[in-house]
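Q: My questions are about this predicted structure, shown below with the sequence.
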Amino acid sequence: MPTLENLKDELFVKLDKNPLLREFFKDMLVERVKHESWLENDLVYAVLNDRTETVAHMLDSVRKHNPKLVNELAESLAYKKKEIDDKIVDGLAELNGLCYIIKQGYSDIKKIKVQPKKKLKTPDFVAKRGEKFTLFEVKNLRAPEIFHTIVKKMTLFAFLKPQRYQFGLELTIDPHLIPHEKLQDLNSKIISTFVEGIDNALSNRLTSFEVEYDNLAEEKTIHRTLRCNIDYDRPHYISCHGGSPVRMSKLFKKTSNGIWNAIEKFNDFDTDNKHDKVILINWTRLSGCDHFNDKHSRSYKKYLNRVNILFKSKNENLRIELL
């Protein structure tokens, strides 16, 4: 079985195979592996599992359009005060946004520099099409945090014990949730206990494992259950079930908050409302997990379409696009 140091070496060996990917992300990953739980990172997961084709293609597309854009984006990420995971995720989302802008035929694309001393909120990019300039803000959204955190923590065990994780895992969370229950309300020890219990169940060929606990949300104590069913007759997969309406409502709420945040940036930066404005929603599905099925996807697209119509009626210069 590989050790953490073996995996760390493998990470950079694989990263070095793509010079452009290495140039853009190596410093970030060097910083990331200095800290605990470094395997719980989307880019690390992608590199170790040889799933970097999309990222490499995006970098190549942006570089071919304008090499300066790659440098501008790298510089902007280097000065972010967020945690390194957020920095890497921001980089991936903004790369996706840049590729969209390029495909839409915009030119003179620039990364807008943040001006912290002026305390001015700034969108991500400005670009020109025809005679008009357009401002772009990329909002990165992902699946609800509880499932995301569980699966990310499971990657550590899966990398260190690959033979043990060749079977189907179905994660179930008690669907009777309070809509505004937050991840920070959930004791991280519960998640660790759950993931360690799954690992122990696999080693003993058990078909299920569950954890019951009480959680405080909205000043109410609720009883919750996390459960994992194990299917030894099916190839490796991870699926999450239970509480679908609540999970979508959380995504809708995140989207709404992200849109209002983007509008604040537009208003602060473009006080005269002279520019067109586009909010690019980067909806990231959870790696290795069929977290949302087609029904969820259709529901989310319909929601965004309704929101786009609503905001368009209030400001004809504003539109919302799903990447």
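A: Thanks, I have the structure now. Numbers count the residues shown, from 1 in each chain.
Q: what about I279, neighbour count?
A: Close neighbours of I279, defined as other C-beta atoms under 10 Å, add up to 27. All C-beta atoms are positioned from the backbone trio N, CA, C, and that covers glycine.
Q: next one: E5
A: Counted with other C-beta under 10 Å, the neighbours of E5 add up to 9.
Q: swap in H275?
A: Summarising burial for H275: neighbours were counted as other C-beta under 10 Å, giving 17.
Q: right, and H223 touches E212 too?
A: Yes - under the criterion of C-beta atoms under 8 Å, H223 lies in contact with E212, with a separation of 6.9 Å.
Q: Run through the strands of the stretch 201-323 of the chain in chain order.
A: Taking DSSP state E, counting those that start in this stretch as the criterion, the stretch 201-323 of the chain carries its strands at 208-217, 220-231, 237-241, 276-284, 318-322.
Q: got CSV for these, with mean pLDDT too?
A: Rendered in CSV, the data for the strands of the stretch 201-323 of the chain read as follows (pLDDT from 0 to 100):
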stretch, mean pLDDT
strand 208-217, 80
strand 220-231, 80
strand 237-241, 61
strand 276-284, 89
strand 318-322, 92
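Q: who wins for proximity to L21 among those?
A: With distances scored as C-beta to C-beta, the stretch of the strands of the stretch 201-323 of the chain nearest to L21 is strand 276-284 (18.1 Å).
Q: could you say what helices and strands that closest one packs with?
A: In terms of contacts (3 or more C-beta pairs under 8 Å, 6 or more residues apart in numbering; DSSP states H and E), strand 276-284 is packed against helix 84-103, strand 132-142, helix 244-269, strand 318-322.
Q: Check which residues of it are buried.
A: Burial within strand 276-284, assessed by neighbour count using 16 or more other C-beta atoms under 10 Å, is assigned to 276-284.
Q: Serialize those residues to CSV and add fields for distance to W38.
A: Shown next, in CSV, are the buried residues of strand 276-284 (distance: C-beta to C-beta, whole Å):
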residue, distance to W38
D276, 41
K277, 37
V278, 35
I279, 32
L280, 29
I281, 28
N282, 23
W283, 25
T284, 19
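Q: quick check, nearest of those to S297?
A: When the buried residues of strand 276-284 are ranked by distance to S297 (C-beta to C-beta), W283 comes first, at 8.8 Å.
Q: ok, back up a step: got a markdown table for the strands of the stretch 201-323 of the chain, with distance to H35 too?
A: As requested, these are arranged in a markdown table below (distance: least, C-beta to C-beta, whole Å):
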| stretch | distance to H35 |
| --- | --- |
| strand 208-217 | 26 |
| strand 220-231 | 26 |
| strand 237-241 | 25 |
| strand 276-284 | 21 |
| strand 318-322 | 32 |
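Q: Of those, which stretch is the most buried?
A: Each of these was assessed for mean neighbour count using mean count of other C-beta atoms under 10 Å. The highest is strand 276-284, with a mean of 22.
Q: which neighbours does that strand have in its sheet, and in what orientation?
A: Taking DSSP bridges as the criterion, strand 276-284 forms sheet pairs with strand 132-142 (parallel), strand 318-322 (parallel).
Q: Which one, of the ones you listed, ends up nearest to L251?
A: strand 132-142 (6.7 Å).
Q: buried set for the closest one?
A: By neighbour count, and taking 16+ other C-beta under 10 Å as the criterion, the buried residues in strand 132-142 are 133-142.
Q: which of these lies closest to L92?
A: Using C-beta to C-beta, the shortest approach to L92 within the buried residues of strand 132-142 belongs to N140, at 7.9 Å.
Q: Would you mind measuring from the closest one to G258?
A: When distance is defined by C-beta to C-beta, to the nearest Å, N140 is 8 Å away from G258.
Q: now swap in Y106 and tell me
A: When C-beta to C-beta is the yardstick, Y106 and G258 sit 22 Å from each other.
Q: and the helices and strands packed on strand 276-284, which one is worst for confidence?
A: Least confident of the helices and strands packed on strand 276-284, judged by mean pLDDT, is helix 244-269 with a mean of 80.
Q: packing partners for it?
A: Right, helix 244-269 is packed against strand 132-142, strand 276-284, helix 294-314, strand 318-322 by 3+ C-beta pairs under 8 Å, 6+ apart.
Q: what about the shortest one, distance to the chain center?
A: If I follow you right, that is strand 318-322. Averaging C-alpha coordinates over strand 318-322 and over its chain gives two centres that are 19 Å apart (C-alpha atoms, centre = their mean, to the nearest Å).
Q: Cool, thanks, talk later.
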